[in-house]
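Chemist: how would this look folded up:
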Amino acid sequence: MNMPANPGNDGRMESTPRKKRFRIALLASAEGEREELIDALQVNSLGHELLIFENPDQLFEALHAGGNTSLPNLLMIALDDSNWSSADVLARVKQTPTIKAIPVIVFYRQSTSPNTPELYRLGAASVIHMPLRFEGLIQIVRVMEDYWFNVTSPLSV
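Modeler: I've put the predicted structure just below:
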């Protein structure tokens, strides 16, 4: 059967803009890293709601108070805290039935050496090295956002 040619389609898949807004929770204790991640997320902003937390206590209070209707679709952790480690926060998230399905991305600086196998064993979706240059972080956030909100079937809450 011969199908008429479609001159507007040269065989490439076209990306359609996603209409749904997603909620991204960012936990970053160091002000510099927090601002850098916020800026990178806003540069790539597709209208997602960004929830920002400076410490794990704020995050868990908001997650427990909000109920299932206001849970984030994605959680990003960048911790430089003497009281909490990324592994501590990740373990608590994954042990809490109402929030354990939320994908968690752990960011770390080059100056730190995370226990990557442990983070994956605890349930991290990704462990990402934060680049030294802001342009590199923007590129990472673009890829991450495209993957989590356009390629995969994101958690809908």
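
Chemist: Could you report the pLDDT at residue 113?
Modeler: For residue 113, the model assigns a pLDDT of 75.

Chemist: tell me the contacts of it?
Modeler: Residue 113 makes no contacts at all, as judged by CB atoms under 8 Å, 6 or more residues apart in numbering. Placement of C-beta: from N, CA and C, glycine included.

Chemist: List phi and psi for it.
Modeler: Main-chain torsions, residue 113, degrees, to the nearest 10: phi -130, psi 90.

Chemist: Tell me the spacing between it and residue 90.
Modeler: 16 Å (CB to CB, to the nearest Å).

Chemist: Check residue 133 too.
Modeler: From residue 133 to residue 90 the distance is 27 Å (CB to CB).

Chemist: More neighbours: which of those two?
Modeler: residue 90 (24 against 8; other CB atoms under 10 Å).

Chemist: doesn't the more buried one fall inside a strand?
Modeler: No. If the criterion is DSSP: H, G, I helix; E, B strand; the rest coil, then residue 90 is helix and not within a strand.

Chemist: Quick check: end-to-end length of stretch 115-126?
Modeler: By CA to CA, to the nearest Å, the extent of stretch 115-126 from end to end equals 13 Å.

Chemist: Also stretch 37-50?
Modeler: 11 Å.

Chemist: contacts for that stretch?
Modeler: Contacts for stretch 37-50 (CB under 8 Å, 6+ apart): 17-18, 21-24, 26, 28, 52, 76, 78, 107, 134, 137-138, 140-142, 145, 149.

Chemist: switch to 10 Å and redo it
Modeler: The contact list for stretch 37-50, computed with CB atoms under 10 Å, 6 or more residues apart in numbering, reads 17-28, 52, 70, 72-74, 76, 78, 107, 130, 134-146, 149-150.

Chemist: hmm, which of these are the buried ones?
Modeler: Using 16 or more other CB atoms under 10 Å as the burial test, the contacts of stretch 37-50 include 22-28, 52, 72-74, 76, 78, 107, 130, 137-138, 140-141, 144-145, 149 as buried.

Chemist: Tell me the helices and strands packed up against the helix or strand bottoming out on mean pLDDT in the chain.
Modeler: Between all helices and strands in the chain, the lowest mean by mean pLDDT, DSSP states H and E belongs to helix 134-146, at a mean of 82. Applying 3 or more CB pairs under 10 Å, 6 or more residues apart in numbering; DSSP states H and E, one finds that helix 134-146 contacts helix 31-43, strand 74-78, strand 104-108, strand 126-129.
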